[in-house]
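Participant: Structure of the sequence below:
(chains A and B)
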Amino acid sequence: MAEEKSEVKRPPGTCIPWEEKKQEFPPIQGDEELVKRQWEEIDALGYTYIWQILLSF
Amino acid sequence: MPQETTTSAMEKRYAERLKRYVTAMRNEKPDMVPIRPFVAEFTAKYAGYTSQEVSYDYEKAFAAARKCAADFDWDAVVGNMVYGWMALVKAIGLKYYAVPGIEIPPDAAFQYLEPPEDQAWMREDEYDLLIEDPTGYLFNVWLPRVSADVVAPGQPNTFRNNMSFLKGGMAMLGYFMGFGRQAELLRKESGTVSAISGILKAPFDIIADKLRGYKGLCMDMYRQPKKVLAACEALMPHLTHVALSGADPTKNVPIGLWMHRGCVPFLSPPQFERFYWPTLKQIIETIWSKGHQILFYAEGEWNPNLKYIAQLPDLSIIYHVDRGDIFEVHKTVGHKFCISGGIPNDLLAFGTPEDVRAYCKKVIDGVARDGGYIMDASAIMQDDTKVENLRAMTEATREYGVY
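Facilitator: Numbering: from 1, shown residues only, chains lettered A, B, ... in the order given. Here you go, the predicted model:
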């Protein structure tokens, strides 16, 4: 799983941390906080998926 | 207008029931003993469905729960106590279920399958991977192993792998959104409270149920105890996060905690103290510090662990009694926590309504005198509970349970 391993530790609620994803963006010209917040909200859905499979199914 | 009158009456009933339920959970005395039965496959039998229908089609499960709520005088129910949606299970290829109507008869309840120790979903030498990155481990190692369709990173991708995540994610979202709709329908149609919100499991139970298996974990407690403890620690913040993310924002109803392997004889009290309790206690304390109660579903015989449970903050849990002596529970922790359950399932399955009424009176007299008690069976009710006995439990509670 090494090639899939996040360089930043994954805290609860996170699959791919913003700090890691941000490195793939060009310099953000507009509202970076908006981009970050939306990234994290959608990323949290992936987190919910795997942990709910574990807990509920 | 008649519709307004009906709506108003239901809202009034809902408000009364919510107050009754919440007052009891705060270990206080409501107007009468609330009734909150955990009815699972019973709802299918009562509503005329098979177990396959309610486990495979959640709209039928929701409809069955609402029919029971409308026909019985209950204060709160779970929107779908069968809970496991087997169509999603098959859509993503999970291997650890026996599904009603497919691997087992349509009237049987779904079953969990534990693989042989050497084929455990998590191998004995994988603790470090789990501890270092629990979410990554689940996605990259565990899910490809428990799903027939998901492939591990580095393996050739497949159409089925892609479809598993797409269909699984969208289907899960639809299912969970259905619970919100179900809560509204319960409120509008019968004035019934949705009893819980959110899910919690103990770290040790997760390792036993879904990762190492119970037998494998028993060996690990002797062969690599520090790894087991470290894995419980690693899971703890994630399980706390998931529990809080699904909690009731109004903080009225509790988070459901479903415990499996912490009781005697699965664990001895010393094993419980060392392996099971420290992380679970910390999770409960964290959740309670944020104002959420926990429905502490103590499946099996938990009375040998009462001295540990008594360490929890007052009111932090609603202690649900299964096979423990409910009168001893009341004597030991009744001053700290609301208690629920305690009506034996074998009595509800094989006894007479008169037997049930007598036992309910005994429990109400012995446990509920000062409030802080919620009527329910000992364990989740499947299709062996007789309709006339559950009706007797309901009626007896209304007769003897008025303060």
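
Participant: Tell me which residue in the stretch 201-350 of chain B sits closest to chain A.
Facilitator: Across the stretch 201-350 of chain B, no residue is closer to chain A than B:His241, which sits at 3.5 Å (C-beta to the nearest C-beta). To be clear about C-beta, it is placed using only N, CA and C from the backbone, and glycine gets the same treatment.

Participant: can you tell me how far the residue positioned nearest the centre of chain B sits from B:Leu200?
Facilitator: By C-alpha atoms, centre = their mean, chain B has its centre lying nearest to B:Trp258, at 4.5 Å. In this view, B:Trp258 and B:Leu200 are 8 Å apart by C-beta to C-beta, to the nearest Å.

Participant: Would you check that B:Leu267 makes contact with B:Glu273?
Facilitator: No: using C-beta atoms under 8 Å, B:Leu267 makes no contact with B:Glu273, being 9.2 Å away.

Participant: neighbour-wise, which of those two wins?
Facilitator: Per other C-beta atoms under 10 Å in any protein chain shown, whichever of B:Leu267 and B:Glu273 has more neighbours is B:Leu267, with 24 against 14.

Participant: what bits of chain B have low per-residue confidence?
Facilitator: Where chain B drops to pLDDT under 70, the residues are B:1-5.

Participant: ok, which residues in it are in contact with chain A?
Facilitator: Proximity of chain B to chain A (C-beta under 8 Å from any C-beta of the partner chain) is limited to residues B:83-85, B:88-89, B:92, B:94, B:129, B:133-143, B:152-154, B:165, B:168-169, B:172-173, B:176, B:199, B:201, B:206, B:210, B:237-242, B:245.

Participant: give me the number of residues near the closest residue to B:Asp314 other than its chain neighbours?
Facilitator: Residue nearest to B:Asp314 in three dimensions, not counting chain neighbours: B:Lys336, with 4.8 Å by C-beta to C-beta, 6 or more residues apart in numbering or on different chains. Number of residues near B:Lys336 (other C-beta under 10 Å) recorded here: 19.

Participant: Backbone dihedrals for B:Lys336, please?
Facilitator: phi -100, psi -40 (degrees, to the nearest 10).

Participant: Please list all residues in contact with it.
Facilitator: Neighbour list for B:Lys336: B:27, B:310, B:312, B:314-315 [criterion: C-beta atoms under 8 Å, 6 or more residues apart in numbering or on different chains].

Participant: Now restrict those to buried residues only.
Facilitator: B:27, B:312, B:315 (16 or more other C-beta atoms under 10 Å in any protein chain shown).

Participant: Which helix or strand contains the residue of the stretch 201-350 of chain B closest to chain A?
Facilitator: Counting by DSSP states H and E, the element that carries B:His241 is helix B:225-245.

Participant: ok and the helix or strand following that helix relative to helix B:225-245, angle-wise?
Facilitator: Next helix or strand after helix B:225-245 toward the C-terminus (DSSP H and E): strand B:255-259. Strand B:255-259 and helix B:225-245 are oriented at 150 degrees to each other (axes from the mean of the first three to the mean of the last three C-alpha atoms, to 10 degrees).

Participant: Many thanks, I have nothing further to ask.
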